[in-house]
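Enquirer: with the sequence up front, the predicted model follows.
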Amino acid sequence: MQINKFFKNKYPFLTSYFENFFNSKKRFPQSIVFEGLDILSQYFFTLELARILNCEKEGLEDCNCTNCRWIRENKHPSIINVTPLDFKDDASKTVISVKQTEKITSIIKESSSYHRFFIFSGAKELVLDDNRQNKIREYQNIGYDLSKENWYPYPLNKKILQEEASNSLLKSTEEAPEKVTFVFLSNTKEDIISTIVSRSLVFKMPFWYEKSNINVKEFFENYPNENILNSIEKAAELINFQTSNNLDLIEILNSMQEYLFELIKKNCSNENLKNLITSDIKKVQKAKKQLSASVLPKYAIESLFIDLSYEGRKLC
Ligand SMILES: [Zn+2]
């Protein structure tokens, strides 16, 4: 059993964890929570796990059996998207309803020859911008696809998967038959009701390509009190590193946001610091938009780092 190299490069820890798991022939987890900002990767990684468990042959990464192919193409009955838009008969378009979770309870009682994956996300229907299309293309290059055009997985939160629906799921997550797995896609496990989290294996999907050996933390050494001159120097360092290693700047900024997001979690009780970090996350978002709108990378990164410095913060 082999997880595709694309994921192996991106998530070496996670990949080897699951490969060991497959080889140990232990029972596959009934419930998994993924955390991180890159929901699309969480989604496709889930499909890859489902592909291996449903392969008719040995689960090799380039296997082209019907199950492997259909799962990659997102047409396989073992993949069940549970979202405000999918797997539902009621009219609401904003929540995963109790009706949906009850439908799951009855469906898992029916036997199936497949290992079924119920993937919970806050999917939205929208016209995909270039940035999202490019991200999807990375996966299309290795044969994967989303189930529909103009459909995109978004993270869960407590407004989408509310208490009542969550509670009605608990029994199913605990007593699921052997070949059923629930997967919850999220930015952070705090966005999912704790009774579900405590019954799940939680995995962080880091944004940063672990192989690139750049440590985003280094850029936040003196955060939030970095002085402006150091900041400008760090911006130049980052651009150098990025060009000489041919890395994606947007991914680097995603990692920075992820890092700041972690900081918020650690400082939940400090209202001022929380507000400051939130406004810094928005600054990184602004830089990402600038890069997507073809602003020169040097300019976008330099102004971001100035904005994040102690003096820069007082200027705005
Ligand atoms: Zn196969």
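Expert: Yep, that arrived.
Enquirer: measure the residue nearest the centre of the chain to V33 for me?
Expert: Centroid-nearest residue in the chain, with Cα atoms, centre = their mean: I39, separated by 2.7 Å. Distance of I39 to V33, computed by Cβ to Cβ, to the nearest Å: 13 Å. Placement of C-beta: from N, CA and C, glycine included.
Enquirer: and if you look at Y259?
Expert: With Cβ to Cβ as the criterion, Y259 and V33 are 20 Å apart.
Enquirer: when these two are compared, which one has more neighbours?
Expert: Neighbour count, other Cβ atoms under 10 Å: between Y259 and V33, V33 has more, with 25 against 21.
Enquirer: isn't there a strand covering F117?
Expert: Yes. The assignment for F117 is a strand, going by DSSP: H, G, I helix; E, B strand; the rest coil.
Enquirer: let me see the domain layout of this structure.
Expert: With domains defined by automatic domain parsing, the chain comprises 5-204, 210-315.
Enquirer: which of those domains is buried the deepest?
Expert: Most buried of the domains of the chain by mean neighbour count (mean count of other Cβ atoms under 10 Å) is domain 5-204; its value is a mean of 17.
Enquirer: now that one: average pLDDT?
Expert: Mean pLDDT, computed over domain 5-204, is 93.
Enquirer: could you find the closest non-adjacent residue to whatever residue of the stretch 151-300 of the chain ends up closest to the ion?
Expert: Closest residue of the stretch 151-300 of the chain to the ion, Cβ to the ion: K179 (16.1 Å). In space, and not counting its chain neighbours, K179 is closest to H115: 4.2 Å by Cβ to Cβ, 6 or more residues apart in numbering.
Enquirer: contact partners for that neighbour?
Expert: Listed by Cβ atoms under 8 Å, 6 or more residues apart in numbering, the contact set of H115 reads 28, 50, 53-54, 78, 179-181.
Enquirer: please repeat the previous calculation with a cut-off of 6 Å.
Expert: Neighbouring residues of H115 by Cβ atoms under 6 Å, 6 or more residues apart in numbering: 53-54, 179.
Enquirer: kindly indicate which of these lies nearest Y299.
Expert: L53 (47.2 Å; Cβ to Cβ).
Enquirer: can you give me the distance of whichever residue of the stretch 101-250 of the chain sits closest to the ion to I79?
Expert: When scored by Cβ to the ion, the stretch 101-250 of the chain has G143 as its residue closest to the ion, at 11.6 Å. In this view, G143 and I79 are 14 Å apart by Cβ to Cβ.
Enquirer: go on, F13?
Expert: Remark: distance between F13 and I79 (Cβ to Cβ) = 25 Å.
Enquirer: and N23, by the same measure?
Expert: Counting by Cβ to Cβ - N23 and I79 are separated by 24 Å.
Enquirer: tell me where the stretch 201-316 of the chain has helices.
Expert: Using DSSP state H, counting those that start in this stretch, the helices found in the stretch 201-316 of the chain span residues 228-244, 249-266, 271-292, 297-308, 310-315.
Enquirer: same check, this time on the stretch 1-150 of the chain
Expert: Listed in chain order, the helices of the stretch 1-150 of the chain (DSSP H, counting those that start in this stretch) span 5-10, 12-24, 39-54, 66-72, 98-107, 130-140.
Enquirer: now do the SS call for K158.
Expert: Three-state assignment for K158 (three-state DSSP): coil.
Enquirer: also the one 10 residues further on?
Expert: Local secondary structure at S168 is given as helix here, using three-state DSSP.
Enquirer: identify the residues contacting the residue lying closest to it once chain neighbours are set aside.
Expert: Computed as Cβ to Cβ, 6+ apart, the closest residue to S168 that is not its neighbour in sequence is T101, at 4.5 Å. Counting by Cβ under 6 Å, 6+ apart, T101 touches 165, 168-169.
Enquirer: and V183, by the same measure?
Expert: 32, 46, 119.
Enquirer: so can I have TSV of the contacts of H115 showing distance to P84?
Expert: Shown next, in TSV, are the contacts of H115 (distance: Cβ to Cβ, whole Å):
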residue	distance to P84
L53	27
N54	26
K179	26
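Enquirer: closest one of these to R313?
Expert: If you rank the contacts of H115 by distance to R313 using Cβ to Cβ, L53 comes first, at 49.0 Å.
Enquirer: kindly list the main-chain dihedrals of the spatially closest residue to L85 that is not a sequence neighbour?
Expert: Take L85 and drop its neighbours on the chain: the residue closest to it by Cβ to Cβ, 6+ apart is A123, 5.4 Å away. The phi and psi values for A123, taken as degrees, to the nearest 10, are phi -50, psi 150.
Enquirer: alright, I will stop here.
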